[in-house]
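# here you go, sequence then predicted model.
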Amino acid sequence: MHITRNTVQRQIILEAVKKFPTHPTVEEVYSKIHKNHPTISKATMYRNLRLLAERGEIRQISLPNDVDRFDERTDQHYHFRCKICGALLDVDIEYLAGINETVQQKNGVQVDEHDVVFRGICATCGGYTNKNPACNNLLIQYNNKEK
């Protein structure tokens, strides 16, 4: 096992991810850090985010047709993706660990883990309750595109 030292840059990156209220992309983390730490390069950012995810200190979320995002929550949980604003939110429901065994038994495969991403319209953009009128234009554009 290769042991890596915990660098100052890695600690800065980890703290930045933990302070985000959302699930940031590499670019978002880089933009936030670069203001106060211009010597941290994008290559350092990519390498350390990947390493932090491999070590289980953060979670890397890969979504189809999107850039990877990072999550400070390392427990197994689900996400919701808004199809209007693109927000990625945590979903607080019980993680269905038993589904892995069901898939294994019915399909003869080995399941290590599963990810579920619910898709729809978040409350901010007009889901059940529209709490942010600024999103109304996005909702109107989306509804017109669907016609």
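Done, it's in.

# just the helices in this structure please.
8-19, 26-34, 42-54, 98-107, 136-146 (DSSP state H).

# please pull out the lowest mean pLDDT helix or strand from this structure.
helix 136-146 (a mean of 51; mean pLDDT, DSSP states H and E).

# and V111, backbone torsions?
Torsion angles at V111 (phi, psi; degrees, to the nearest 10) stand at phi -100, psi 120.

# who's in contact with the nearest residue to it once chain neighbours are set aside?
Nearest non-adjacent residue to V111, counting by CB to CB, 6 or more residues apart in numbering: N100, 4.2 Å away. Every C-beta, even on glycine, is put in place using the N, C-alpha and C of the backbone. By CB atoms under 8 Å, 6 or more residues apart in numbering, the contact set of N100 is V111, D112, E113, H114.

# tell me how many other residues crowd Y78.
17 (other CB atoms under 10 Å).

# ditto for D71
21.

# quick check: bridge partners of it?
For D71, the beta-bridge partners are R59 (DSSP bridges).

# state the distance from it to G108.
Per CB to CB, to the nearest Å, D71 is found 31 Å from G108.

# check H23 too.
Distance, H23 to G108, using CB to CB: 34 Å.
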